[in-house]
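>>> Give me coordinates for this.
(one chain, ligands or ions: 2)
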Amino acid sequence: MKVFLDFDLTLYNSYRIKAQCKTAYFPESEKDVIDFYRSNTPYVLLGSGHNVILSKEFYDQSFLIFNGNFNSIDLNKATGLIEAEAGISMLEISEIALKHGLSGLEIFYDIPSSLGGAVVMNAGASGEEIKDVLVKVRYLDLVDMTVKEIKKEEMGFEYRNSFFQRNTDKVVLKVWLKLNQGNQESIRIKMDTIKESRWAKQPKDFPNAGSVFKRPSGYYVGAIMDELNLKGFTIGGAKISEKHGGFIVNFNNAKGEDILQIINEVKNRVFEKFKIDLEIEQRII
Ligand SMILES: NC(=O)C1=CN([C@@H]2O[C@H](COP(=O)(O)OP(=O)(O)OC[C@H]3O[C@@H](n4cnc5c(N)ncnc54)[C@H](OP(=O)(O)O)[C@@H]3O)[C@@H](O)[C@H]2O)C=CC1
Ligand SMILES: C=C(O[C@H]1[C@H](O)[C@@H](CO)O[C@H](OP(=O)(O)OP(=O)(O)OC[C@H]2O[C@@H](n3ccc(=O)[nH]c3=O)[C@H](O)[C@@H]2O)[C@@H]1NC(C)=O)C(=O)O
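Ligands and ions are numbered 1, 2, ... in the order given. Purely as a prediction, here's the structure:
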């Protein structure tokens, strides 16, 4: 396992917020992950850092960062079963599925995430979610430091919610997925089409971490921002994207605090006008 002291986290969070941690660990195997939890507390876990707001400039905690490592994968083309470690990126795994003519991960081609992070929050787009292809998960239970397995049916998946979202003392180590035999050309077309439509709608020009809030029942956050005239609303180096109101972008050296202040203001104004209590999707660290 690689270990770094006084580690700069700027390139490890997709908002590109400048922050440092005292120690950063990059595991390469399940043993590395378990060893880390045996010897280090308190801690922060980052998959690929695409769903976090770093609220502090310096962290005393140790960071365990997967960042595309801890990514071994086994694939059985005949059965469509994939067994992969939690650190693999969804981009990599969707490209491997494509190469083997397996369908089911096309939407994840453009969802920046680790496999573990995607399972934790039941990531999805275009009406599909990771739960649709999930079979089971192997995880480290920090309560008794044992490794356990849980089947999809026992994970109580909901929109952007899962057993792991509700139990943050469990660490996803390995994931089993079941894909369908497909046609390589159709898989490629679906991947490209979804990516194209997302790039047309979402801000890709400034660092961001996707949707800030969950969709409130019966509403779209972007449409609410239009109605409240909040697009472009700026605090410090952060602003609500003019392109998609559901995103906050870092356009000029934003601090985590800038993003949190925008969130606060948006929550207040939305509650005032619509009596909706917006729920944050991103993790504040
Ligand atoms: N649809 C879209 O376009 C986008 C979606 N996203 C979503 O955001 C998420 C980003 O994933 P990722 O970048 O990996 O997440 P992050 O690295 O941003 O981690 C976010 C939190 O998830 C938890 N977590 C991550 N990995 C694990 C794991 N292996 N086991 C247990 N908990 C874990 C940790 O919380 P804790 O330790 O507190 O449990 C962590 O603080 C995905 O769900 C992705 O789909 C992000 C951007 C755009
Ligand atoms: C980006 C994420 O996921 C995204 C995912 O990519 C897209 C596409 O499937 O659907 C969700 O966004 P979303 O609810 O904003 O959906 P979109 O399809 O982008 O927009 C919904 C509707 O709002 C309208 N809209 C959008 C933006 C805007 O500024 N104004 C506006 O009116 C659009 O025209 C559309 O009719 C996911 N977000 C959540 C929280 O559910 C993420 O989770 O980080």
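>>> Sheet partners, orientation included, of the helix or strand hosting residue 139?
Using DSSP states H and E, residue 139 maps to strand 134-141. Strand pairing for strand 134-141, determined by DSSP bridges: strand 146-151 (antiparallel), strand 170-178 (antiparallel).
>>> So which of those is the most surrounded?
Compared across the strands paired with strand 134-141, strand 170-178 shows the largest average neighbour count, a mean of 21 (mean count of other CB atoms under 10 Å). C-beta coordinates here come from the backbone N, C-alpha and C atoms, glycine included.
>>> Quickly check: that one near ligand 1 or not.
Yes - shown here: strand 170-178 in contact with ligand 1 (CB under 6 Å from any ligand atom) through 171, 172.
>>> Residues touching that strand, excluding its own?
30, 33, 37, 45, 79-86, 104-105, 115-116, 119-120, 133-142, 147, 163-164 (CB atoms under 8 Å, 6 or more residues apart in numbering).
>>> Give me the buried subset of the residues you listed.
For these, a neighbour count by 16 or more other CB atoms under 10 Å gives the buried set as 30, 33, 45, 80, 82-86, 104-105, 115-116, 119-120, 133-134, 136-140, 163-164.
>>> Reformat the strands paired with strand 134-141 as CSV; add distance to residue 5.
Below are the strands paired with strand 134-141 laid out as CSV (distance: least, CB to CB, whole Å):
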stretch, distance to residue 5
strand 146-151, 29
strand 170-178, 23
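>>> Can you add mean pLDDT and give those back as TSV?
TSV is the format used below for these (pLDDT from 0 to 100):
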stretch	mean pLDDT
strand 146-151	98
strand 170-178	98
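>>> Out of those, flag the one nearest residue 111.
Across these, residue 111 has its closest neighbour in strand 170-178 (14.3 Å, CB to CB).
>>> What's the first helix or strand after the closest one?
Following strand 170-178 toward the C-terminus (DSSP H and E): strand 180-181.
>>> Let's test this: mean pLDDT of that following strand, rounded?
The average of the pLDDT scores along strand 180-181 is 96.
>>> what's residue 73 sitting at in phi/psi?
In terms of degrees, to the nearest 10, the main-chain angles of residue 73 are phi -140, psi 140.
>>> what's the spacing between it and residue 100?
11 Å (CB to CB, to the nearest Å).
>>> Per-residue pLDDT of residue 42, please?
With respect to pLDDT, residue 42 scores 78.
>>> what sits up against the strand holding residue 139?
Strand 134-141 has contacts (CB under 8 Å, 6+ apart) with 33-34, 37, 81, 119, 146-152, 155, 164, 169-178.
>>> switch the cut-off to 7 Å
Under the contact criterion CB atoms under 7 Å, 6 or more residues apart in numbering, strand 134-141 has outside partners 33-34, 37, 119, 147-152, 170-178.
>>> What of stretch 152-164?
Contacts of stretch 152-164 (CB under 7 Å, 6+ apart): 119-122, 131, 134-136, 150, 170, 172, 214, 281.
>>> domains of the chain?
The record's domain parsing of the chain by automatic domain parsing lists 2-65, 73-200, 221-284.
>>> Stretch 102-117 and ligand 2, any residue contact?
No - using CB under 6 Å from any ligand atom, stretch 102-117 never reaches ligand 2; the gap is at least 7.2 Å.
>>> which one among the contacts of stretch 152-164 gets closest to residue 12?
Residue 12 has its nearest neighbour among the contacts of stretch 152-164 in residue 120, at 17.3 Å by CB to CB.
>>> if you skip the residues just before and after it, what's nearest to that closest one?
With sequence-adjacent residues excluded and distances taken as CB to CB, 6 or more residues apart in numbering, residue 120 is closest to residue 164, at 4.3 Å.
>>> hmm, the lowest-mean-pLDDT helix or strand in the chain in reach of ligand 2?
Taking mean pLDDT, DSSP states H and E as the measure, strand 124-125 is the helix or strand of the chain with the lowest mean score, a mean of 90. Yes - judged by CB under 6 Å from any ligand atom, strand 124-125 and ligand 2 are in contact via residue 125.
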